[in-house]
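**Student:** Predicted structure and sequence below. I'll ask about it afterward.
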Amino acid sequence: MSAPVESLGEFESVAPSQSPLEQEDAAKHLAELAAIVEFSADAIISKNLNGTITSWNKAATRILGYTSEEMIGQSILKLIPPHLHGDERIIIENIRAGRPIEHFETVRLTKGGELIDASLTISPVKNAAGQIIGASKILRDISGRKRMEASLLQAEKIAATGRMAATIAHEINNPLEAVVNLLYLLRPKISDSEGLSYLDAAESELARVAHIARQTLGFYREHAAATASSFSELAEHAATVYQPRCATAKIMIDKHIEPTTKVVLRKGEIMQVTSNIIANSIYAMPRGGTLRISAKNTSDPEPGVPLAIADNGSGIPEENLPHIFEAFFTTRSTIGTGIGLFIAKQFIEGHGGKIFVETSTGSETHGTTITVFLPLHTTYEKEGTLSR
C-alpha cells in the first residue's frame, strides 16, 4: 500500500493483547481508513510534533503539487509562506494540549510558488497508549470560493455605488441648471473670440456633465444613437477643455492630431473615456510635465483610429498594473473613486475597440501611455445604430 497506510500504522498500532479476531477487525478498520485518506478530495497530511511530515495523500499532490516522496520527511514549513511561519508554533502548542483546530482559513504555498487560500482542520493523533504523537491535517482548497466571494463583493459595491450615484445625480441637477443659465446670461457680455470659444467649451462640458448626472454618474450606457464622428475632433475638444487646467499645473500639451476617418461611436462615452485618461495623466504629473495627445488613421494591425494619451509622470508600479482596470482600484488616498479606467474599458470594448497601457517607473524614462483603438467599423455601425 502507499505511504498513507504506512503512516496510519505508525499512529495507530494494534495492541498485542488483542485476540486474532480483534486484530483482524482492527486491520480491516485501518484499511478502510487508509482508503478514505487515499481517495479523499481534500489533502490529508500527517506530521509529528516536530512538524515533520509523515503522510501525504493523492489529493495533497493534486492541490499542492508535491509528490509523497518529495514531502514525507520534510518540514511542514515548506508549505507555509515565510510571513506565516509563526502560525505553526501556535498550531503545535494547541495540538500538544489536545486542542483540535477547525476550519482555520489561511494561505499555503504550492510547489509552483503559488499562494492558495486554504481551510485547515487539524486534530491530535494519539498512539495506542493515548499519548499525543502528532497531528492529522485536512486541507481544503477554497481559492474558488474566495474568488466567488470577491466577485460578489465587487458586484455589491458596484450596485451600492450605483444607488448612491443616482441620489447624488438628483441632488446636483439643480445647481447644474443654475450654472448653465448663468453662462447664458454671461454670453452677451463677452465679445472677444477667445472668450467665446472658452464659453462654448464650458457650455459643452456642462451639458455632458448634466447628461452623465442623469445617467447616474458614469454607471450607464448612453442610449442616444451612435453617430459618425471624428476621433481627432473629439481629441481636439478634450485638449481645449483641459488646456487651462494643464497651464495651471505647468503641464505642456503636445498635440499630434491628424484628421481621422469618421467612425460610428457614442460621443458622450468616448468623451468620458478621453477625459478620464487625461485627468489621470494630470494627476501623475504633480510638478508639471508634458501631456502628448496623438490621433491618426492606421491600417496595422487592422483599419481603425488609435488615440494615444501619454505623460512623463511617475508611471504605474508593476504590482498595480494588473489591477488598473478593476472597479474601485485606486492609489489616490484622498481623491479618486477607482472607476475611471474601469468605465473607460467598458465603453471602448462596447464599441468593439481595445485599450492598451505602456508604462515605466525608471529614473530616466518614466511615464505612461494609454492608447485607445477604435476599429473603422465599430459595434454600433454593425448593429445599425447610425443616426439618419
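**Tutor:** Right, received. Where do you want to start?
**Student:** all helices for the stretch 101-250 of the chain, in order.
**Tutor:** All helices of the stretch 101-250 of the chain, identified by DSSP state H, counting those that start in this stretch, fall at 143-186, 193-214, 231-248.
**Student:** and the ones you listed as a markdown table, adding mean pLDDT, mean neighbour count and distance to residue 114?
**Tutor:** C-betas here are computed from N, CA, C, even on glycine. Shown next, in a markdown table, are these (pLDDT from 0 to 100; neighbours: other Cβ atoms under 10 Å; distance: least, Cβ to Cβ, whole Å):
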| stretch | mean pLDDT | mean neighbour count | distance to residue 114 |
| --- | --- | --- | --- |
| helix 143-186 | 74 | 12 | 9 |
| helix 193-214 | 79 | 15 | 41 |
| helix 231-248 | 87 | 18 | 42 |
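**Student:** Output these as a markdown table; include the columns distance to residue 374.
**Tutor:** Shown next, in a markdown table, are those (distance: least, Cβ to Cβ, whole Å):
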| stretch | distance to residue 374 |
| --- | --- |
| helix 143-186 | 25 |
| helix 193-214 | 19 |
| helix 231-248 | 6 |
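**Student:** ok, residue 238 touching residue 278?
**Tutor:** Yes. Shown here, residue 238 and residue 278 form a contact pair, counting by Cβ atoms under 8 Å, at 6.1 Å.
**Student:** Common neighbours of the two, please.
**Tutor:** residue 293 (Cβ atoms under 8 Å, 6 or more residues apart in numbering).
**Student:** what ranges do the strands span in the stretch 1-150 of the chain?
**Tutor:** Secondary structure of the stretch 1-150 of the chain, counting by DSSP state E, counting those that start in this stretch: strands at 43-48, 53-56, 101-109, 115-126, 132-141.
**Student:** what's the closest of these to residue 206?
**Tutor:** Checking those against residue 206 by Cβ to Cβ gives strand 115-126 as the closest, at 47.8 Å.
**Student:** who wins for proximity to residue 290 among the helices of the stretch 101-250 of the chain?
**Tutor:** Residue 290 lies closest to helix 231-248 among those, at 9.7 Å (Cβ to Cβ).
**Student:** just how off-centre is that closest one within its chain?
**Tutor:** Relative to its chain's centre, helix 231-248 lies at 30 Å (Cα atoms, centre = their mean, to the nearest Å).
**Student:** do stretch 178-190 as well
**Tutor:** 44 Å.
**Student:** contacts for that stretch?
**Tutor:** With Cβ under 8 Å, 6+ apart, stretch 178-190 has contacts from 196, 199, 202, 203, 206, 207, 210.
**Student:** pLDDT score assigned to residue 111?
**Tutor:** pLDDT recorded at residue 111 is 95.
**Student:** and residue 276, which of the three is it?
**Tutor:** Following DSSP: H, G, I helix; E, B strand; the rest coil, the label given to residue 276 is helix.
**Student:** Just give the closest residue to it, not the sequence neighbours.
**Tutor:** Nearest non-adjacent residue to residue 276, counting by Cβ to Cβ, 6 or more residues apart in numbering: residue 340, 3.8 Å away.
**Student:** mind listing what that neighbour touches?
**Tutor:** Residue 340 neighbours (Cβ under 8 Å, 6+ apart): 276, 277, 279, 280.
**Student:** Pull out the buried residues from the residues you listed.
**Tutor:** Among the contacts of residue 340, those classed as buried by neighbour count (16 or more other Cβ atoms under 10 Å) are 276, 277, 280.
**Student:** Rebuild the residues you listed as a markdown table, extending it with pLDDT.
**Tutor:** Shown next, in a markdown table, are the buried ones among the contacts of residue 340 (pLDDT from 0 to 100):
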| residue | pLDDT |
| --- | --- |
| 276 | 85 |
| 277 | 92 |
| 280 | 89 |
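**Student:** So which of those is the closest to residue 261?
**Tutor:** residue 277 (21.3 Å).
**Student:** That closest one reaches residue 309, doesn't it?
**Tutor:** Yes. Under the contact definition of Cβ under 8 Å, residue 277 touches residue 309, with a separation of 4.8 Å.
**Student:** Identify the contacts common to these two.
**Tutor:** By Cβ under 8 Å, 6+ apart, the residues touching both residue 277 and residue 309 are 370, 372.
**Student:** hmm, back to that, determine which stretch of the strands of the stretch 1-150 of the chain is the most buried.
**Tutor:** Ranked by mean neighbour count under mean count of other Cβ atoms under 10 Å, the strands of the stretch 1-150 of the chain are led by strand 53-56, which reaches a mean of 26.
**Student:** Output the below-cut-off pLDDT ranges for this structure.
**Tutor:** 1-37, 155-156, 158-171, 173-174, 211-224, 332-338, 383-388 (pLDDT under 70).
**Student:** Tell me what the closest residue in space to residue 62 that isn't next to it in sequence is bridged to.
**Tutor:** Closest residue to residue 62 in three dimensions, ignoring its sequence neighbours and counting by Cβ to Cβ, 6+ apart: residue 43, at 7.9 Å. Beta-bridge partners recorded for residue 43 (DSSP bridges): residue 139.
**Student:** let's number from 39 now, not from 1
**Tutor:** Got it, first residue is 39 now, which makes that one residue 81.
**Student:** List the contacts of residue 81.
**Tutor:** The neighbourhood of residue 81, defined by Cβ under 8 Å, 6+ apart, consists of 95, 97, 98, 100, 101, 102, 175, 176, 177, 178, 179.
**Student:** Could you work out the most separated pair of those?
**Tutor:** Top of the distance list for those (Cβ to Cβ): 100 and 175, 15.7 Å.
**Student:** Where do the domain boundaries of the chain fall?
**Tutor:** Using automatic domain parsing, the domain parsing of the chain gives 41-179, 182-258, 262-426.
**Student:** Next SSE downstream of the helix or strand where residue 386 lies?
**Tutor:** Assigned by DSSP states H and E, residue 386 falls within helix 378-388. Next along the chain after helix 378-388, taking DSSP H and E as the criterion, comes strand 392-399.
**Student:** Who are the packing partners of that following strand?
**Tutor:** When contacts are defined as 3 or more Cβ pairs under 8 Å, 6 or more residues apart in numbering; DSSP states H and E, strand 392-399 sits against helix 378-388, strand 404-413.
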